[in-house]
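**Q** sequence? don't have it. structure:
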């Protein structure tokens, strides 16, 4: 079997086995089985990086089998420099999330673990799919496990959150479905992405397609003003769900811009770049301000995710190599950092059962080891040099300043807001004297939590100190993408 | 003409008729409370019939019989094969339910089911106005009796009355339309009608008047808005086993009726009936989806959801002919056929779960009755969830590919209006997703109201698991069924 198929189907097979055979009486066996599945899946993705040829801009490890003859849909997989890291990120985060749910989930353990494993395989599928319909199937199928994860193991208003998540994202993707079918008809019966990217398209269809894709991906990213589902969902989702949502699912949207919007509708992308930049800037500045006033830690991190993803879309729509690479690096970094931030909140929530900032204070006194981790991730979140958060933001800001000074300046202001909301939260939660009995009774993290946080801490520091492996991989592919996007597709 | 009898075209029908009569007699001596012998013989008969139909279908020949009154083609034979399987599945799910409700004092459930299946067969293979009408009447008359099978139940009796009155009205519409067509074209034979309408010598207004009534009649039988009034009442009032008997297989026959009358007989009038179907589709999607939201009764909600699903089938049917060009006809009609088959498969799963959850004195027909089903039986909840996600059109389930194929048929006509219609349809399916998700929410997120576990016989469970599995497998590998439909429809159009 080919490597990408293995990366997709191994976690799904493990997940389905868990769903079919697991019982709560054997919770311990279920957990170990899930962890084994996640680790095997992660290990299977490592050769992708090892054998990846950074000189090649096109697709590698390609697989192409006919799937549905009648509509000429192919099971066409491949990764290039843009998608490679997301495959690894997904399988890595899944391992961390399984560890995070270890003791916390006590009911229907097999369904919880199974859902995450299936979800992991589906998300890898999204990043590998080179066929429009295959992409859509994976993209949409991720909604099912996530809906169940939020609805079954979520907080008090989990049902509202689960519905909002499902319907909001479905609304966007249904418009994309119409766009995909339109492209299928317009290309005389092909769902192949490469064909679509080469196909000439007049200005009006390009604009319509651009906005149909925008509907799907902007909701997923999420961009202002369609970001409102994210804070609600994050607050109610279980810790693992929040981590996967922030670390990977949001990236599906941003990735979609790179795979669909830019190359398929390059002229419309250039024409509407001002709109994308404006929305992104609002996300960065306004949502950053909104984050400052949040009382709920999860909401704060959720708004901070919106702001960080705003950086990503700024990077994409200034069409410079530095910007696009910076955006992708920022996506990966945010994957590590946001997952870590949510897991930290989860650690506190498991002990005190409150997400309110006001319920805490002086946690460092009772949980010194944990506070050290939390501080590191907070620093990464506000983009301190030497952490993962810095690299991408710096690249995007540099590219933005080159593009237009004022744009760069506004984008850079996000660093100030980022520092403001993150550090203020750290101050109120972790520092200072112990404020109440709950905090006094806290016990420091155990070995399992230490392992999970140190995995992420290692990733965050590695990426901050030595980002070369990340940027090297994507250079050739990004250059090729930008060359393609620079050419008009409007037939003369 | 009449000497041209080709008995071979009707062997399965004849066998079914003979066996149904025989089983009626045998049933007189059956004493067991669950009528094991009748059940066994019925299943055996249906199994043989299904195999016969599949064999006929796979030869792929188009044969006319009985003086051109009956046609046996791949499309019809596959539809008959699937209808038989669907009736078999219905009986498997329905027998425990019927036994608990004293509906098995006699073997009527099985006998009437066989006769209604026979009606479907005649309807599917008719090539003549009267034969088609005869089949339709056999199907619906058996249906009226089935709905009234629980004589002591006032809801069922009321539903039977409504079904009978409105059904008779619909048959009247259809018959009136057919008589107009006969008057205008001078023939009952579909091929002759086709030639007459294509010739252009007949006054257009007369034909259109006939088509209007025919379309109304078909819309009644499909349950498309605004002729949908009977659907919620009958679905809710009828015993659930009978609801499934009405909601499942007959839809395949109704599809065949539509294909025979509108396509085989009146394709030259497509520009007229496509507009009528467009109105029906828009109204069905709108009324079906919006009304379903407000329902608390599961069966009633599913009835409205059926109306909405029929809207999608109609979308496939109305996309066949563009500006007189029939190039995309096969694509459009085969997508509608694929939609109908996947709809029936999914409906069987949904009603199967409802039937098996019902116990003596407990109907399990409120949405809240499903609360916490996942904790009580992961299998039942799983099958239900898969089917509901499929109805909502979420990939990778078969319902998604059904929606995909009708939408591509619609967009293929490359007109702005069809693009708008596609956007409207997907928006309506978003509304649909809401009420399907609500049931999944009740099953997975809510705590169970009773701790009692769900029990069912093993072979019933196996059938249910296969049913749910097929919804998933046909979603992962939809190619086979899609090309089966495509080949069948291409052949049906070619003759």
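**A** It's in. The structure presented is a predicted model; accordingly, all values stated were derived computationally and were not measured.
**Q** for chain B, what are the nearby residues on chain A?
**A** By the criterion of Cβ under 8 Å from any Cβ of the partner chain, the positions of chain A lying close to chain B are A:19, A:67-71, A:108, A:111, A:133, A:136-137, A:140-141, A:143-144, A:147-148, A:151-152, A:158-159, A:162-163, A:166-167, A:170-171, A:174-175, A:177-178, A:181-182, A:184-185. For every residue, glycine as well, the C-beta is placed using N, CA and C.
**Q** In three-state terms, how would the nearest residue to residue B:348 once chain neighbours are set aside be classified?
**A** Distances taken as Cβ to Cβ, 6 or more residues apart in numbering or on different chains put residue B:89 closest to residue B:348, at 5.1 Å, once the chain neighbours are dropped. Classification of residue B:89 into helix, strand or coil gives helix, according to DSSP: H, G, I helix; E, B strand; the rest coil.
**Q** contacting residues for residue B:89?
**A** B:248, B:348, B:352, B:463, B:467 (Cβ atoms under 8 Å, 6 or more residues apart in numbering or on different chains).
**Q** Can I get the buried ones among these as something I can paste into PyMOL?
**A** Of the contacts of residue B:89, the buried ones can be selected in PyMOL as follows, counting by 16 or more other Cβ atoms under 10 Å in any protein chain shown:
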select buried, chain B and resi 248+348+352+463+467
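**Q** what's the residue in the stretch 101-250 of chain B that chain A sits nearest to in contact with, if anything?
**A** Residue of the stretch 101-250 of chain B nearest chain A, by Cβ to the nearest Cβ: residue B:225 (21.7 Å). Neighbouring residues of residue B:225 by Cβ under 8 Å, 6+ apart: B:280, B:283-284, B:286-288, B:307, B:311.
**Q** Export the residues you listed as JSON lines, with columns for secondary structure.
**A** Written out in JSON lines, the entries for the contacts of residue B:225 read as follows (three-state DSSP):
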{"residue": "B:280", "secondary structure": "helix"}
{"residue": "B:283", "secondary structure": "helix"}
{"residue": "B:284", "secondary structure": "helix"}
{"residue": "B:286", "secondary structure": "helix"}
{"residue": "B:287", "secondary structure": "helix"}
{"residue": "B:288", "secondary structure": "helix"}
{"residue": "B:307", "secondary structure": "helix"}
{"residue": "B:311", "secondary structure": "helix"}
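**Q** The longest helix anywhere in chain B: what's the following helix or strand?
**A** Ranked by residue count, the top helix of chain B under DSSP state H comes out as helix B:154-185. For helix B:154-185, the following helix or strand on the C-terminal side (DSSP states H and E) is helix B:190-199.
**Q** so what does that next one touch, helix or strand wise?
**A** Under the contact definition 3 or more Cβ pairs under 8 Å, 6 or more residues apart in numbering or on different chains; DSSP states H and E, helix B:190-199 sits against helix B:154-185.
**Q** Residue A:318 - that's part of a strand, no?
**A** No: looking at residue A:318 with three-state DSSP, it is coil, so not inside a strand.
**Q** Wait, it touches residue A:397, no?
**A** No: under the criterion of Cβ atoms under 8 Å, residue A:318 is not in contact with residue A:397, lying 10.9 Å apart.
**Q** count of neighbours near residue B:438?
**A** Counted with other Cβ atoms under 10 Å in any protein chain shown, residues neighbouring residue B:438 total 18.
**Q** Verify the stated contact: it with residue B:367.
**A** Yes: look at residue B:438 against residue B:367 with Cβ under 8 Å: they come within range, at 7.1 Å.
**Q** circling back: please pick the buried ones from the residues of chain A next to chain B.
**A** Among the residues of chain A next to chain B, those scoring as buried are A:19, A:67-68, A:70-71, A:108, A:111, A:133, A:136-137, A:140-141, A:143-144, A:147-148, A:151-152, A:158-159, A:162-163, A:166-167, A:170-171, A:174-175, A:177-178, A:181-182, A:184 (criterion: 16+ other Cβ under 10 Å).
**Q** picking that back up, so for the longest helix of chain B, mean pLDDT?
**A** Predicted confidence along helix B:154-185 averages 91 (mean pLDDT).
**Q** counting contacts, what elements does that helix pack onto?
**A** Contact analysis of helix B:154-185 by 3+ Cβ pairs under 8 Å, 6+ apart lists helix B:129-147, helix B:190-199, helix B:204-222, helix B:230-237 as its packing neighbours.
**Q** So what touches the third one?
**A** What that stands for is helix B:204-222. Contact partners of helix B:204-222, identified using Cβ under 8 Å, 6+ apart, comprise B:136, B:140, B:166-167, B:169-171, B:173-178, B:180-181, B:183-185, B:197, B:227, B:230, B:250-251, B:254, B:257-258, B:261-262, B:266, B:269, B:272-273, B:276-277, B:280, B:310, B:313-314.
**Q** repeat for the last one
**A** The contact list for helix B:230-237, computed with Cβ under 8 Å, 6+ apart, reads B:147, B:155-156, B:158-160, B:162-163, B:166-167, B:220, B:223, B:243, B:246-247, B:291, B:297, B:299-300, B:302-304, B:306-307, B:365.
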